[in-house]
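> what follows is a predicted protein model with its sequence.
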Amino acid sequence: MHTLLFVDDEPDIVDSLQRSFRKGYRVFGANSGADAMEIIDRESLDLIICDQRMPGITGDQVLKHALDKQPQAIRILLTGYADMESLVRCVNEAQIYKYLSKPWEPEMLRLTVVRALESLDLSRQKQLVTDALSQYVSHAVVEQIMADPSRLRLGGERKTLTMLFSDLEGFSTLAERLEPEALTALLNDYLSEMTDIILDEGGTLDKYEGDAIIAFWNAPLDQPDHAVRACRAALRCQARLAEKAGDYQAKAGSALKARIGLHTGEVVVGNMGSRWRFDYSMLGDAANLAARLESANKAFGTSVLMSDATWSATGDAFPGREVGMATVPGRTTPVKIHELLARDDATGSAAYQAALALCRQDRWAEAEAAFAASPHDPLCRAYAGRCRQAAADGGWDGVWRLERK
């Protein structure tokens, strides 16, 4: 219910206005500027209609006070004479919505009030949507969506996205060790840092699941470079964790390590909720693969794994290395996966590629020795162990069979 305030030094006029709007509105009346200001200070108002010529405090002064105290309220000046100086002052200093002259046409006055309140409601709804969207996408994306709200219609569309799944290593152990308040503060800080980067790269935040972050690119707005944006976000997230390692070590007793999976593929994306609840999300097997690649980092000791589809979509934008073919839980067909590397981490790639070539030639002993020459590289250690097992088993088809989610 909207709340209205009518101000006039003539009680009959205030009574008439109050009677006109007594149904469907919460109405206040004041017969002086001082009384009006007291109501403005006390009540939350949606619209104020104020006479200009009143003893003591004039209408433009009342409306200027309303602008200072309740800028969202609609301000309308009502006056019985054409004083251009006070009218200009009201427009400039009180930022009035409209000027009405006495005597007014009742129907015109009602229509003015109804339209003004409809405009106010629309503005508030737009702000609510903007605030809600700002939790999922950057402000630049919000502005483009608000220019074309049909992008967020109920329902979904098939679209190729690049999806990011991120999870913290050993979070369950961390949660058992920390007090709930400390854990909440740590998690809020971590999620805020990572989300800021994702939104800065134009990503859409799908949801949080505990310490996990799910995001995607190329929806609701088209982004031809969505794979590049997602990879850059992943590298920036890892770099930010490294920058804050000391801070997190002090708060958590250990550094925070995140695993990230990236995949580019077709899903259904859109408002998966209802007309009454905004929930812009994605569904599809491609999204499941991105989640499995996040988990696959455990097997290789890596930080960021991506599908061949994402790797191909980025071109030569980032350094990386092929991990190989792997089957992930829920899929029987092997997929080719790659490790995304920061430029500072790519120095040992040549030695890795040489060892991988020996592995693919079934030269197991030589390959094991070549991988073992890089003992500080987790992926090399994983391959050295696999080559040793292949030598004992008499061979290996080159497919990593990952069974843990």
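Here it is on my side, so go on.
> what's the following helix or strand after the helix or strand harbouring M306?
Assigned by DSSP states H and E, M306 falls within strand 304-307. Remark: after strand 304-307, the chain's next helix or strand is helix 308-314, criterion DSSP H and E.
> counting by contacts, list what that following helix packs against.
Secondary-structure packing of helix 308-314 (3 or more Cβ pairs under 8 Å, 6 or more residues apart in numbering; DSSP states H and E): helix 226-243, strand 258-271, strand 335-340. Heads up, the C-betas are built off the backbone N, CA and C, glycines and all.
> what's the longest helix seen in the chain packed up against?
Assignment by DSSP state H gives helix 106-133 as the longest helix of the chain. Judged by 3+ Cβ pairs under 8 Å, 6+ apart, helix 106-133 is in contact with strand 2-7, helix 11-20, strand 47-51, strand 74-79, strand 98-101, helix 139-147.
> highest average neighbour count across those?
strand 47-51 (a mean of 26; mean count of other Cβ atoms under 10 Å).
> what number of residues lie near Q223?
19 (other Cβ atoms under 10 Å).
> which residues sit in contact with it?
G202, W217, R229 (Cβ atoms under 8 Å, 6 or more residues apart in numbering).
> and if you look at Y248?
Going by Cβ under 8 Å, 6+ apart, Y248 touches L186, Y190, L241, S254, A255, L256.
> so how far does stretch 202-215 reach from one end to the other?
10 Å (Cα to Cα, to the nearest Å).
> which outside residues touch that stretch?
The contact list for stretch 202-215 (Cβ under 8 Å, 6+ apart) reads 135-138, 140-141, 163-168, 171, 187, 190-191, 194-195, 198-199, 216-217, 219-221, 223, 229-230, 233, 280-282, 291.
> show me those residues that map onto strands.
Counting by DSSP state E, the part of the contacts of stretch 202-215 found in strands is M163, L164, F165, S166, D167, L168, F216, W217, Y280, S281, M282.
> quick check: bridge partners of the third one?
So that's F165. I214, G261 (DSSP bridges).
> flag the shaky bits of the chain, pLDDT-wise.
80-84, 127-155, 272-279, 405 (pLDDT under 70).
> so it: which segments form each domain?
Here the domain parsing of the chain from automatic domain parsing is 2-123, 153-346, 348-405.
> tell me the most buried of the ones you listed?
Taking mean count of other Cβ under 10 Å, domain 153-346 is the most buried of the domains of the chain, at a mean of 18.
> one step back: widest-spaced pair of the ones in strands among the contacts of stretch 202-215?
Largest separation among those by Cβ to Cβ: L168 and Y280, giving 24.3 Å.
> what packs against the helix or strand containing L183?
For L183, the host element (DSSP H and E) is helix 180-200. Counting contacts by 3+ Cβ pairs under 8 Å, 6+ apart, helix 180-200 packs against strand 155-168, strand 204-209, strand 212-217, helix 226-243, helix 245-252.
> I'd like these laid out as a markdown table, including distance to I337.
A markdown table is the format used below for the helices and strands packed on helix 180-200 (distance: least, Cβ to Cβ, whole Å):
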| stretch | distance to I337 |
| --- | --- |
| strand 155-168 | 14 |
| strand 204-209 | 22 |
| strand 212-217 | 19 |
| helix 226-243 | 14 |
| helix 245-252 | 27 |
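> just so I know, which of the ones you listed lies nearest C359?
That would be helix 226-243 among those, by Cβ to Cβ, at 25.9 Å.
> what are the ranges of the helices in the stretch 301-405 of the chain?
308-314, 349-360, 364-372, 378-393 (DSSP state H, counting those that start in this stretch).
> in CSV: these, plus distance to K98.
Shown next, in CSV, are the helices of the stretch 301-405 of the chain (distance: least, Cβ to Cβ, whole Å):
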stretch, distance to K98
helix 308-314, 54
helix 349-360, 69
helix 364-372, 78
helix 378-393, 69
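> bridged to L100, which residues?
L78.
> return the residues in contact with it.
Counting by Cβ under 8 Å, 6+ apart, L100 has contacts I49, I76, L77, L78, T79, M108, L109, T112.
> kindly report the same for M282.
Per Cβ under 8 Å, 6+ apart, neighbours of M282: L161, M163, D206, F216, A219, V267, V268, V269.
> hmm, R331 is touching A286, no?
No: in this structure R331 lies outside contact range of A286 using Cβ atoms under 8 Å: 11.2 Å.
> how far away is K64 from G203?
The gap separating K64 from G203 is 44 Å, by Cβ to Cβ, to the nearest Å.
> also T195?
Distance, T195 to G203, using Cβ to Cβ: 9 Å.
> now swap in E294 and tell me
Taken as Cβ to Cβ, the span from E294 to G203 is 15 Å.
> and if you look at V62?
Using Cβ to Cβ, V62 is found at 48 Å from G203.
> re the thing from before, to A354, which of the helices and strands packed on helix 106-133 lies closest?
That would be, of the helices and strands packed on helix 106-133 and by Cβ to Cβ, helix 139-147, which comes in at 44.0 Å.
> what's the closest non-adjacent residue to D60?
Ranked by Cβ to Cβ, 6 or more residues apart in numbering and with sequence neighbours excluded, the top spatial neighbour of D60 is C90, at 4.5 Å.
> hang on, isn't the one you found packed against L63?
Yes: contact status for C90 versus L63: in contact at 6.1 Å, counting by Cβ under 8 Å.
> overlap in contacts of those two?
Shared contacts of C90 and L63 (Cβ under 8 Å, 6+ apart): L77, I96.
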